[in-house]
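Engineer: Need coordinates for the following:
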Amino acid sequence: MARQNSKNIDYEKIANSQSFRRLSKKKNSFLWTMTVIFFVLYMLLPILTSYTKILHQKAVGEITWVWFYSFGLFVMVWGLAHFYVGRANKFDKEAKEIIDEYERGAGQ
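Structural biologist: Alright, predicted model coming up:
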């Protein structure tokens, strides 16, 4: 059976702390930046293929640039996922530090 913490945690106090607000702002900024980068690069494919002839040019033999761009999207998704996991681990460490700070009495 899991052991429950006998302390009552004041989540509002933690949420209003300067360190938590800093972490939240940094995390939201990172997430919005990642979202915009992904969305723009992803939506460029249908826009460039439907309304321009840029990606329809031959790149290597009979292979057009559409194939390279599409493959690049797969690489981008894996790369962004890897980058996100690394940053999420850092955010988790910072969150743990905030909890530790609260438990040491800074939040009392």
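Engineer: now the residue nearest the centre of the chain: how far from Lys25?
Structural biologist: The chain has Leu31 as the residue nearest its centroid, 4.1 Å off, counting by CA atoms, centre = their mean. According to CB to CB, to the nearest Å, Leu31 and Lys25 sit 11 Å apart. No exception for glycine: its C-beta is placed from N, CA and C like everyone else's.
Engineer: Kindly report the same for Trp65.
Structural biologist: For Trp65, the distance to Lys25 - CB to CB - is 39 Å.
Engineer: what mean pLDDT does stretch 42-59 have?
Structural biologist: Averaging pLDDT along stretch 42-59 yields 95.
Engineer: Identify each buried residue in it, please.
Structural biologist: 48-49, 55 (16 or more other CB atoms under 10 Å).
Engineer: Give me the subset of these lying in helices.
Structural biologist: 48-49 (DSSP state H).
Engineer: where are the low-confidence patches of the chain?
Structural biologist: Where the chain drops to pLDDT under 70, the residues are 1-7, 106-108.
Engineer: if you set the cut-off to 80 instead, what comes out?
Structural biologist: 1-10, 105-108 (pLDDT under 80).
Engineer: how about the helices in it?
Structural biologist: 11-15, 18-51, 65-101.
Engineer: got these as JSON lines, with distance to Ala59 columns?
Structural biologist: Formatted as JSON lines, the helices of the chain follow (distance: least, CB to CB, whole Å):
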{"stretch": "helix 11-15", "distance to Ala59": "51"}
{"stretch": "helix 18-51", "distance to Ala59": "14"}
{"stretch": "helix 65-101", "distance to Ala59": "5"}
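Engineer: give me the number of residues near Met76?
Structural biologist: Neighbour count of Met76, defined by other CB atoms under 10 Å: 15.
Engineer: Surely it and Val40 touch.
Structural biologist: No. If you go by CB atoms under 8 Å, Met76 and Val40 don't touch, sitting 10.8 Å apart.
Engineer: Now do the residue nearest to the centre of the chain against Phe71, distance only.
Structural biologist: In terms of CB to CB, Leu31 sits 26 Å off from Phe71.
Engineer: for Tyr102, what are its contacts?
Structural biologist: 9, 13-14, 17 (CB atoms under 8 Å, 6 or more residues apart in numbering).
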